[in-house]
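Chemist: Dropping the sequence and predicted coords here.
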Amino acid sequence: MSNRMEVSVVIPVYNSADILTELSSQINKVLSEYKHEIILVDDGSTDNSWKIIEEISNNSKSLIGVHLSRNFGQDNAIMAGLNLSKGDYIVIMDDDLQHSPYDIKVLLKRIKKGYDVCYANYSQHKRQSILKNIGSGINAKQAEYFIGKPNEIYLSPFKAINRTVVNAIISYIGPYPYIDGLIFQATNSITQSKVEHYKRYKGKGNYSMRKSLSVFFKHTTGFSVLPLRLASIIGLFISIIGFLAGSFYIFQYLYSNQVIEGWTTLVVLQLLIGGLIILFLGLIGEYLGRSYLLLSKKPQYVIKKLSS
């Protein structure tokens, strides 16, 4: 076995204490023929996940534990793990065993054929809530417009990436990383492999509408200026309509000497245009806010403790 680190497995952890021992055991078994490391990033768990991570790392040379100072979010936790990773190939997966460690080799096989990234594509419906399926579907469709994702690629959190692309990802210094967006900015050599999606090993999932909305705003304001262009086009269209309507009313007044009545229409138009203005100002504000946070150097994450 070479001294060079071949595979790094990065896993963001949140309230999965009952699963971590089995998860790390399965990964070590699957990757026994590789020089590998497992990086468990505790993203501010409120259970005893960090205690379990420390116990596992004390008995396993392959495991590195990372304890963040608070909950920074899944993508930020992944960035912490990627920055510590040393492998030629990096696998990112969830902490709940819905992604089987036994499928890691399936993804690695595709990567070794020359692709930069291989996503897991589930051969059946994902074993998760209807709400999460709907949110995933909306975000996937949105990603086609804002980050250039091909329609046939499924944006799974279970994926394998080569070192070159990971180096490009970790060069991002903004406070709100979006891993999939950074991948599509770095390469178009992307494929996928069919795998199974399993039920959560134990406990309840941590998915929420808040997380889905977070991904939505990362798509719309973090990796594309398309919404701003759309706002400009709609604004121009409304201005043209307003100009034509105004010209018509002036023409009618001059040539028919009629006073145009209809305060209701006027109020409705004012509400419509006012609402659009507020909407687009909010959109612009989101962009400006993210620019401010980037310039203010807000950290992506803060590591409280390492265990290895």
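Modeler: Arrived safely.
Chemist: Domain boundaries for this structure, per the record?
Modeler: With domains defined by automatic domain parsing, the chain comprises 7-207+299-307, 226-295.
Chemist: how long is the longest one from one end to the other?
Modeler: This stretch, domain 7-207+299-307, spans 19 Å end to end (C-alpha to C-alpha, to the nearest Å).
Chemist: How about stretch 172-179?
Modeler: Terminal residues of stretch 172-179 are spaced 10 Å apart (C-alpha to C-alpha).
Chemist: Buried residues in it, which are they?
Modeler: Buried positions in stretch 172-179, judged by neighbour count with 16 or more other C-beta atoms under 10 Å: 172, 175, 176, 177, 178, 179. All C-beta atoms are positioned from the backbone trio N, CA, C, and that covers glycine.
Chemist: Buried deepest among the domains of the chain, which one?
Modeler: domain 7-207+299-307 (a mean of 18; mean count of other C-beta atoms under 10 Å).
Chemist: State the mean pLDDT of that one.
Modeler: The average pLDDT for domain 7-207+299-307 rounds to 89.
Chemist: How far does it sit from its chain's centre?
Modeler: On the basis of C-alpha atoms, centre = their mean, to the nearest Å, domain 7-207+299-307 sits 11 Å off its chain's mean C-alpha point.
Chemist: all numbers from here: first residue = 54
Modeler: Will do, 54 is the new start, and the previous item becomes domain 60-260+352-360.
Chemist: what about residue 343, distance to residue 332?
Modeler: Distance of residue 343 to residue 332, given as C-beta to C-beta, to the nearest Å: 17 Å.
Chemist: wait, residue 174
Modeler: 36 Å.
Chemist: Over to residue 86?
Modeler: On the measure of C-beta to C-beta, residue 86 and residue 332 end up 55 Å apart.
Chemist: per-residue confidence at residue 339?
Modeler: 70.
Chemist: so when I look at it, I'm seeing a strand, right?
Modeler: No - Residue 339 is assigned helix when assessed by DSSP: H, G, I helix; E, B strand; the rest coil, not a strand.
Chemist: gap between it and residue 85?
Modeler: Counting by C-beta to C-beta, the gap from residue 339 to residue 85 is 47 Å.
Chemist: Next: residue 68.
Modeler: 29 Å.
Chemist: what's the answer for residue 136, then?
Modeler: Taken as C-beta to C-beta, the span from residue 136 to residue 85 is 26 Å.
Chemist: just residue 217 next, same as before
Modeler: With distances taken as C-beta to C-beta, residue 217 is found 26 Å from residue 85.
Chemist: Then residue 358?
Modeler: 28 Å.
Chemist: Then residue 297?
Modeler: Counting by C-beta to C-beta - residue 297 and residue 85 are separated by 73 Å.
Chemist: And residue 97, by the same measure?
Modeler: In this view, residue 97 and residue 85 are 32 Å apart by C-beta to C-beta.
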